[in-house]
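Asks: Take this sequence and fold it.
(one chain, ligands or ions: 2)
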Amino acid sequence: MSGEAIRIEGLTKTYAGSGGQPPKTALDNVDLTIPAGSVFGLLGPNGAGKSTLINILAGLVVKTAGRVTIWGFDQDRNPRQSRAAIGVMPQELNIDPFFSPRDALEVQAGLYGVPRAQRRTEEILRLIGLQDKAGAYARTLSGGMRRRLLLGKALVHWPQILVLDEPTAGVDIELRQMLWANIRTLNEQGMTIILTTHYLEEAQQMCDEIAIIDHGRVVVRDSTEAILRRMEAKTLTVRPAAPVGALSLPDGVNREDRADGTLAFSYPRSQVSAGQILAVLAAADVQIDDLSTAEPDLEDAFLALTGNG
Ligand SMILES: Nc1ncnc2c1ncn2[C@@H]1O[C@H](COP(=O)(O)OP(=O)(O)O)[C@@H](O)[C@H]1O
Ligand SMILES: [Mg+2]
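Replies: Ligands and ions are numbered 1, 2, ... in the order given. This next block holds a predicted model:
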């Protein structure tokens, strides 16, 4: 292992159009490497291409062009080994309602050719907190339990790389915390984790490194820390009653006089507060008709980081 869990080169996926629709390029010449041992976040809005990328890694979607290397194995030349290195928790719930969690894990382990003596069914049931429900029909499980079972199914062959597609989309806080704890435990045991999310907070809390995908392209790839630093800017916008002259603003504050008569002050939120800027305005006897503040969200991050902001 060269320290890379995944290497993606020139990856393109064009879905054939159906029902009179034109073909859709979901991934456009993507290059990406994901370090072994990391928790890696694939961030992007709906339709960005996250699931397509993951489904290609999982062998569920056939790429149009490019090269994918998983745990050192070329996906085309060594399909069996590359598949064995990866476990995927899909976005949609697909659970057989007539299997108990224990059966579902055993069947899945069988599909992956895990010998009985090497199965970790009970350990996985404990990890996902379903040991009490191990023998119950899956149809009697709550939505949260089913989602945890999906995680368990991704683990039966104890892959080096665990991929989770929007693991916490639409789940309650308790389950989210539990999934996060599970993911951390697995990562501490050495598993490389790749997760997609459109929650910035999730990426912030969980991921060491992030790639932001938009319209099938990787627009940013950096450590979470570095991305957050770049997104630190907040903006205070005020509408003064009359034109405003020179102001002595705190260090780090940038003033922009906009054509609509408003003043926009951008400032690093860890160093300056809106109150400090308002105090400067008050000291200069500026009368304010209206004001608002804005924090960058994921959308702003895309714009700022791609240079379209
Ligand atoms: N099976 C498919 N056939 C045609 N188009 C698809 C298919 N799957 C996804 N797409 C399109 O590809 C784009 C990327 O989708 P997807 O990978 O699911 O994005 P994400 O997971 O980031 O929301 C979207 O425009 C979507 O409509
Ligand atoms: Mg998706």
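Asks: From here on, just use CA atoms for contacts and neighbour counts.
Replies: Will do.
Asks: Just list the residues touching residue 77, thanks.
Replies: By CA atoms under 8 Å, 6 or more residues apart in numbering, the contact set of residue 77 is empty.
Asks: Over to it. Which of the three states is it?
Replies: Following DSSP: H, G, I helix; E, B strand; the rest coil, the label given to residue 77 is coil.
Asks: At the contact with ligand 1, which residues of the stretch 151-300 of the chain appear?
Replies: Selection of the stretch 151-300 of the chain residues close to ligand 1 by CA under 6 Å from any ligand atom yields an empty set.
Asks: where does the stretch 151-300 of the chain have low pLDDT?
Replies: For the stretch 151-300 of the chain, applying pLDDT under 70 flags the ranges 296-300.
Asks: Just want the residue of it that's nearest ligand 1.
Replies: Distances between the stretch 151-300 of the chain and ligand 1 by CA to the nearest ligand atom are smallest at residue 216, namely 7.1 Å.
Asks: Can you report how many residues neighbour that residue?
Replies: By other CA atoms under 10 Å, 23 other residues sit near residue 216.
Asks: mind pulling up the phi and psi values for residue 67?
Replies: Per-residue torsions, residue 67: phi -130, psi 130 (degrees, to the nearest 10).
Asks: what number of residues lie near it?
Replies: Neighbourhood size, residue 67 [other CA under 10 Å]: 17.
Asks: Let me see the mean pLDDT of stretch 34-47.
Replies: Averaging pLDDT along stretch 34-47 gives 93.
Asks: quick one: the helix or strand hosting residue 25 to chain centroid distance?
Replies: Per DSSP states H and E, residue 25 falls inside strand 24-35. Its chain's C-alpha centre and that of strand 24-35 lie 15 Å apart, by CA atoms, centre = their mean, to the nearest Å.
Asks: and if you look at stretch 170-180?
Replies: Worked out by CA atoms, centre = their mean, stretch 170-180 lies 15 Å from the chain centre.
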